[in-house]
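[1] Got a predicted model here, sequence first, then my questions.
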Amino acid sequence: MATATEAPASVTAEGPTSHTQNQADTRPANTFGYSRAEQLEALHRLREPFKPEEIRYLPRVWCKACRDAKGTCNRNDHERRQCRKCGQSMTTAHIDLRFVGHAEATNRLLNVDPFWDWEPMAPDANGLPQYDGNRGMWIRLTVCGMTRLGYGSADGKSGGDAVKEIIGDAIRNAGMRFGMALDLWTSSDLEIVESGGSSLDETASSPAQDSRPEAARPHAMSPAETQQQVLGPFLERVRNGWDTLEATLQALAEAKAKALLNELVPFGEPKVPTRVEDMLNARIKQLRARRDELNGHADTHERSAA
């Protein structure tokens, strides 16, 4: 891989000055001693893909008629089968949502920050976590000095099992706000969940009904179109943050989430095709060396002044 310090492609960005870069790496208040760079590294590790054996599948029936029948409806293509993914015997008119369990989420949090913690948004009169009107609970999840909110519920459960379900659901929900397991939610899954399955119902019941002209109908993107719409904007963000360690670390996490690590881009001098992952890792190494050099100069100056 070619080595170079300039931004990829033909567009360069001045980025922050060395003084601004040094400021960004200082340890701000109220973050438990973590620097901004260390926090971004934690976010990067939280967003790493889970192993296939850590991923579970949650079945969701999208056909309203099958749900109403509590089994299968009268359509010939909706029949009860053993699903290879979720392992359930149920109608074929369902999708399997990927997710990670409470144990897997807890293990990831411990690997990133052994001192992570969560707390309810508010206690009740007895000092216990306060539930809302839907028997759900809002929490604050803190990882490496960063705190984000999450919400958990246990629909249809009661007693101690419901309490454990609410806590686990809230931790996973708050973890998603950090990017943990976010790659498991595809846009099609989100569309199905948010529409209650109506988008699939409409597609299945009338697949050929579309009154729009041919040119106006949606079509599958070609590889070139995909690269233009996904890789192009991504590289623009890389250029804009080329001189900032935090932005480059975040770009590496984004490249992993969007499966762009193996995309080839012109890099170096002369320009040679280079994997996005190799390009970003090389730049991160350069920026860390620059940060350490600046911190070393600052320490020398302080000792001299003393």
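    It's in.
[2] Where does residue 142 sit: helix, strand or coil?
    strand (DSSP: H, G, I helix; E, B strand; the rest coil).
[3] Run a quick neighbour tally on it.
    18 (other CB atoms under 10 Å). C-beta coordinates here come from the backbone N, C-alpha and C atoms, glycine included.
[4] what's the closest non-adjacent residue to it?
    Distances taken as CB to CB, 6 or more residues apart in numbering put residue 117 closest to residue 142, at 5.1 Å, once the chain neighbours are dropped.
[5] which residue packs closest to residue 45, ignoring adjacent ones?
    Nearest to residue 45 is residue 112, by CB to CB, 6+ apart, at 5.0 Å.
[6] Check whether residue 39 really touches residue 145, as I assumed.
    Yes. Between residue 39 and residue 145 there is a contact under CB atoms under 8 Å: 6.4 Å.
[7] ok, the residue lying closest to residue 152 once chain neighbours are set aside - how many residues close by?
    Using CB to CB, 6+ apart and skipping residues adjacent in sequence, the residue nearest residue 152 is residue 170, 2.8 Å away. Using other CB under 10 Å, residue 170 has 26 other residues around it.
[8] Return the residues in contact with residue 170.
    118, 137-139, 141, 150-152 (CB atoms under 8 Å, 6 or more residues apart in numbering).
[9] how long is stretch 78-86 end to end?
    With CA to CA, to the nearest Å as the measure, stretch 78-86 spans 17 Å from end to end.
[10] Check stretch 34-53 too.
    For stretch 34-53, the first and last residues are 32 Å from each other (CA to CA).
[11] Need the contact partners of that stretch.
    Contacts for stretch 34-53 (CB under 8 Å, 6+ apart): 24-28, 31, 100, 104, 108-109, 111-113, 143-146, 175, 178-184, 245-246, 249-250, 252-253, 256-257, 291.
[12] give me the low-pLDDT residue ranges for the stretch 201-306 of the chain?
    Filtered on pLDDT under 70, the stretch 201-306 of the chain yields the residue ranges 201-229, 297-306.
[13] Can you list the residue ranges for helices in the stretch 101-250 of the chain?
    Assigned by DSSP state H, counting those that start in this stretch, the stretch 101-250 of the chain shows helices spanning 102-112, 159-177, 187-194, 198-205, 223-226, 232-240, 245-257.
[14] Comparing the ones you listed, which comes out most buried?
    helix 245-257 (a mean of 20; mean count of other CB atoms under 10 Å).
[15] list the buried ones in the next helix or strand after it?
    Sequence order places strand 264-267 as the next helix or strand after helix 245-257, per DSSP states H and E. Using 16 or more other CB atoms under 10 Å as the test for burial, strand 264-267 gives 265, 267.
[16] Which strands or helices does strand 264-267 pack on?
    Under the contact criterion of 3 or more CB pairs under 8 Å, 6 or more residues apart in numbering; DSSP states H and E, strand 264-267 touches strand 272-275, helix 276-305.
[17] Tell me the strands beside the shortest one, with direction?
    Next to strand 272-275 in the sheet, as set by DSSP bridges, lie strand 264-267 (antiparallel).
[18] What is the distance between the strand it pairs with and the centre of its chain?
    From the chain centre to the centre of strand 264-267 is a distance of 25 Å (CA atoms, centre = their mean, to the nearest Å).
[19] Ok, stretch 175-186 next?
    Computed by CA atoms, centre = their mean, the separation of stretch 175-186 from the middle of its chain amounts to 3 Å.
[20] Give the buried residues for it.
    Of the residues in stretch 175-186, those buried (16+ other CB under 10 Å) are 175-176, 178-181, 183-184.
[21] of all these, which two lie farthest apart?
    Greatest spatial distance among the buried residues of stretch 175-186 (CB to CB): 178 and 184, at 13.9 Å.
[22] ok, back up a step: kindly present the helices of the stretch 101-250 of the chain as a markdown table, with separate columns for distance to residue 277.
    Output for the helices of the stretch 101-250 of the chain, formatted as a markdown table (distance: least, CB to CB, whole Å):
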| stretch | distance to residue 277 |
| --- | --- |
| helix 102-112 | 20 |
| helix 159-177 | 24 |
| helix 187-194 | 23 |
| helix 198-205 | 34 |
| helix 223-226 | 18 |
| helix 232-240 | 12 |
| helix 245-257 | 7 |
